Each structure stands twice: as C-alpha cells, then as structure tokens.
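Visitor: Got a sequence here, can you build the structure:
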Amino acid sequence: MLDASVGVKWFKDEPGSAEARALIERLGEGELRVVVPAVFPHEVLDVARRLFGIGQARAVWAGLQDAGVLVAGSDRVLIDATLEIAGRYGCTVYDAAAPALAERLGCRMLSADRRAHGRIEGAQLLG
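Guide: Numbers count the residues shown, from 1 in each chain. Okay, the predicted model is just below:
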C-alpha cells in the first residue's frame, strides 16, 4: 500500500527516491503487488504533469496500469475511517486516505511524508 508521497519520489531526486524507484521496478517485474487509495493517481499524475507535461503524465498512468497497480475505490466506511484518522492525527484528509486504506486491508503502508505519517502506527517511512 503506497501513499502518493512515495509515487512522487519516482520523479524527484531526493532522500527516499532510490527506495521508491526500487519498489516500482519490483512492481514492474511482478515481484510486488501494490494497492493505492483513490486519491493517489490524482496526486502523483499532477506532479508528473507539472514536471514533464500532460503527455508524460498519461504515459505514467499507462505504466502504472500496465504494472498492475490497484486503485481502491471509496465507500462510506472507508471515508469515515479516513476522517477519523485525519481528526486523530491532525493531518489532511488526503494524507489520511492511505493509512485508512492500509488499516482496512490489514497491510503495510509505505510513505515518504514524515510530517503527515510519522506518528501513524504501522507506517513505514522511506528516506
């Protein structure tokens, strides 16, 4: 389960970028399955669009789909859990989406956003 902060590291050279790129390589090789919250594509593709243009953002999206990234939908229970986490940790609803989904799926969440996810139990931080 990835937070969008990990996906953004694919395009930038900063602490944690090598780890994030290694994850996408493992995904592409079929060694890893990745589920992301519904907001993930919007956040990551907007960074790709700003940095490289709309054509490259479309290519990134096609690559994620081809690699088998699963985008989880939202429902009432997941939104309620997201709002609960946002209230509990004082983070944005966007930042609460990934930990809420990870909790629901009972899986590990990877994030590169220490500010938003550093206090969240079970969050694994890159970089």
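Visitor: Please pull out the lowest mean pLDDT helix or strand from this structure.
Guide: helix 17-28 (a mean of 89; mean pLDDT, DSSP states H and E).
Visitor: so what does the next helix-or-strand element following that helix touch, helix or strand wise?
Guide: Tracing the chain past helix 17-28, the next element assigned as helix or strand by DSSP states H and E is strand 35-36. Under the contact definition 3 or more C-beta pairs under 8 Å, 6 or more residues apart in numbering; DSSP states H and E, strand 35-36 sits against strand 70-71, helix 93-105. In this view, the C-beta of every residue, glycine as well, is placed from N, C-alpha and C.
Visitor: before we move on, the earlier item: now what about the least confident helix or strand of the chain, what contacts it?
Guide: The set of residues external to helix 17-28 that reach it, using C-beta atoms under 8 Å, 6 or more residues apart in numbering, is 2, 6-7, 9-10, 32-34, 63, 67-69, 110, 112, 126-127.
Visitor: Out of those, which sit inside helices?
Guide: Among the contacts of helix 17-28, the members found in helices (DSSP state H) are 6-7, 63, 67.
Visitor: For the helices and strands packed on strand 35-36, could you give me a markdown table that also reports distance to Ala86, mean pLDDT and mean neighbour count?
Guide: Compiled in a markdown table, these are given as follows (distance: least, C-beta to C-beta, whole Å; pLDDT from 0 to 100; neighbours: other C-beta atoms under 10 Å):
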| stretch | distance to Ala86 | mean pLDDT | mean neighbour count |
| --- | --- | --- | --- |
| strand 70-71 | 20 | 95 | 12 |
| helix 93-105 | 4 | 96 | 22 |
